[in-house]
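Asks: let me see the structure of the following:
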Amino acid sequence: MEVGIKTGNRPTDNPVQFMLQELPLDIILDNGFFLRNQTNDGKKHTHYGFDVHFAAKGSFRMIVDNRIHTVCEHQAIVIRPNIFHGLYEAEEDGRIVSFLFAVNEKEYVKSDLAVKNLINTCLSYREVFSIFDAPTFLNLFREVIEEYHNHDCLSLIKMRSLMSSAVIDIMRHMTCPVERADYNGDSPKECDRKYIIDTYFQEKGNDPNASREELAKRLYITPRHLDRVIRNIYSCTFSQKLIMDRIKCAKYLLKHTNISISDISQSVGFVSHEYFYRCFNRYVGLTPGEYRLVKKGLLDIKTLDKTIK
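Replies: Okay, the predicted model is just below:
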């Protein structure tokens with residue numbers, strides 16, 4: 001495992017400090033705001049604060065604690081402090097806007113208990129969430145970047161105001177349920193359905209208790225209707241999509257880590273190791289062990305007389 005910034009260490013540049021009501025925060029702007037269109041080959045690192053990555057254009061995938069998260073356009077992901085993570089895959093012309101924020105430790109100890117519980121409550125929810133007013137959110141970051149380069153006497157005040165809005169939005173979105181959008185009693189449109197389904201699989205893909213009944217409730221439809229919707233959008237069933245997503249995560253872990261196969265099967269959501277082996281062989285054409293050896297260059301696929309699907 002390669003480490004960029006060691007666990008708990010601060011980046012070299014000084015953070016911008018401000019108060020969010022009674023909550024003292026630091027914002028890290030050194031290489032925190034950037035546009036990038038390449039992967040880092042899964043190299044993982046940690047930060048002392050909350051690392052926010054917003055998909056301004058296109059989608060990207062990150063590996064977080066040996067789990068792969070897909071972040072669709074206009075979604076964001078928040079990485080908690082001291083959690084190993086790395087960019088796994090990004091679209092060639094995609095744009096990712098990132099920054100880091102953390103509680104100011106010296107001022108934090110002076111805060112009352114209610115304030116100390118605020119950030120823990122807001123950021124103890126899911127890791128992937130959506131920015132519903134994406135254009136406004138992106139424009140806010142553009143303003144911050146402009147103020148960062150102005151360096152006049154009012155820039156810091158303006159930046160603090162803008163970043164307060166950003167952090168509040170992040171906390172609000174993370175604590176809202178996925179089905180928070182107002183559908184006015186009508187069924188969601190097809191694009192909204194796909195978004196809700198994709199979000200569900202991102203959040204629950206490795207949960208053994210993921211079910212079509214639970215997803216159907218989020219869409220306000222029956223499980224039977226859900227089957228038709230998923231087949232129309234993805235040309236497969238709920239179970240098939242769930243298995244394919246889990247196999248995709250397992251393939252990455254087999255290739256890039258030395259985690260045991262039994263632990264991988266459990267971490268991606270399979271309750272039975274035997275069922276994981278059967279599904280992997282059916283969808284990939286190799287056993288998990290064979291796939292790992294081939295991808296690590298320890299076994300020639302030709303000697304197996306098989307083809308990787």
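Asks: please enumerate the strands of the protein.
Replies: Taking DSSP state E to define them, one finds strands in the chain at 16-20, 23-28, 50-57, 60-64, 67-71, 75-79, 85-90, 95-103, 128-130.
Asks: need the contact partners of stretch 229-248.
Replies: Contact partners of stretch 229-248, identified using Cβ atoms under 8 Å, 6 or more residues apart in numbering, comprise 68, 190, 193-194, 197, 201, 205-206, 210, 212, 215, 219, 221, 226-227, 268-270, 279-280, 283-284. To be clear about C-beta, it is placed using only N, CA and C from the backbone, and glycine gets the same treatment.
Asks: what subset of those residues is buried?
Replies: Buried members of these, counted by 16 or more other Cβ atoms under 10 Å: 68, 193-194, 197, 201, 205-206, 210, 212, 215, 219, 221, 226-227, 268-270, 279-280, 283-284.
Asks: let's see which of the residues you listed end up in helices.
Replies: Among the buried ones among the contacts of stretch 229-248, the ones falling in helices (DSSP state H) are 193-194, 197, 201, 212, 215, 219, 226-227, 279-280, 283-284.
Asks: export those as TSV, with columns for pLDDT and distance to residue 163.
Replies: Below are those laid out as TSV (pLDDT from 0 to 100; distance: Cβ to Cβ, whole Å):
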residue	pLDDT	distance to residue 163
193	78	34
194	81	32
197	87	33
201	87	32
212	92	41
215	92	35
219	83	35
226	92	40
227	92	45
279	95	45
280	95	45
283	92	44
284	92	45
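Asks: between all of those, which two are separated the most?
Replies: Greatest spacing in those, by Cβ to Cβ: 219 and 284 (30.3 Å).
Asks: residue 250: neighbour count?
Replies: Neighbourhood size, residue 250 [other Cβ atoms under 10 Å]: 28.
Asks: hmm, it is touching residue 264, no?
Replies: Yes - at 5.4 Å, residue 250 counts as touching residue 264 under the criterion of Cβ atoms under 8 Å.
Asks: what touches both of these two?
Replies: Common contacts of residue 250 and residue 264 (Cβ under 8 Å, 6+ apart): residue 288.
Asks: picking up where we left off before, show me which of the ones in helices among the buried ones among the contacts of stretch 229-248 is closest to residue 46.
Replies: Checking these one by one against residue 46 (Cβ to Cβ), the nearest turns out to be residue 201, at 26.4 Å.
Asks: contacting residues around that closest one?
Replies: Shown in contact with residue 201 (Cβ under 8 Å, 6+ apart): 210, 241-242, 245.
Asks: and of those, the nearest to residue 88?
Replies: The nearest one, if we look at the contacts of residue 201 relative to residue 88 and count by Cβ to Cβ, is residue 245, at 14.2 Å.
Asks: for the protein, which spans come out with low pLDDT?
Replies: Scanning the chain for pLDDT under 70 picks out the ranges 1-43, 47-48, 101-135, 137-138, 141, 145, 148, 151, 167-192, 305-309.
Asks: show me how it divides into domains.
Replies: Following automatic domain parsing, the chain resolves into domains at 16-176, 190-235, 240-304.
Asks: and stretch 288-307, C-alpha only, in PDB?
Replies: Below are the C-alpha coordinates for stretch 288-307, written out as PDB (Å, rounded to 0.1, in the frame of the first residue of the first chain):
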ATOM      1  CA  PRO A 288     -11.000 -16.000  -8.500                       C
ATOM      2  CA  GLY A 289      -7.600 -17.600  -7.900                       C
ATOM      3  CA  GLU A 290      -6.900 -18.100 -11.600                       C
ATOM      4  CA  TYR A 291      -7.900 -14.500 -12.300                       C
ATOM      5  CA  ARG A 292      -5.600 -13.100  -9.600                       C
ATOM      6  CA  LEU A 293      -2.600 -15.100 -10.900                       C
ATOM      7  CA  VAL A 294      -3.200 -14.100 -14.500                       C
ATOM      8  CA  LYS A 295      -3.600 -10.400 -13.600                       C
ATOM      9  CA  LYS A 296      -0.500 -10.400 -11.400                       C
ATOM     10  CA  GLY A 297       1.500 -12.000 -14.300                       C
ATOM     11  CA  LEU A 298       2.000 -15.300 -12.400                       C
ATOM     12  CA  LEU A 299       0.000 -17.500 -14.800                       C
ATOM     13  CA  ASP A 300      -0.300 -17.500 -18.600                       C
ATOM     14  CA  ILE A 301      -4.000 -17.500 -19.700                       C
ATOM     15  CA  LYS A 302      -3.000 -19.700 -22.700                       C
ATOM     16  CA  THR A 303      -2.000 -22.600 -20.400                       C
ATOM     17  CA  LEU A 304      -5.600 -22.600 -19.000                       C
ATOM     18  CA  ASP A 305      -7.200 -22.900 -22.400                       C
ATOM     19  CA  LYS A 306      -9.700 -20.300 -21.200                       C
ATOM     20  CA  THR A 307     -10.800 -16.800 -22.200                       C
END
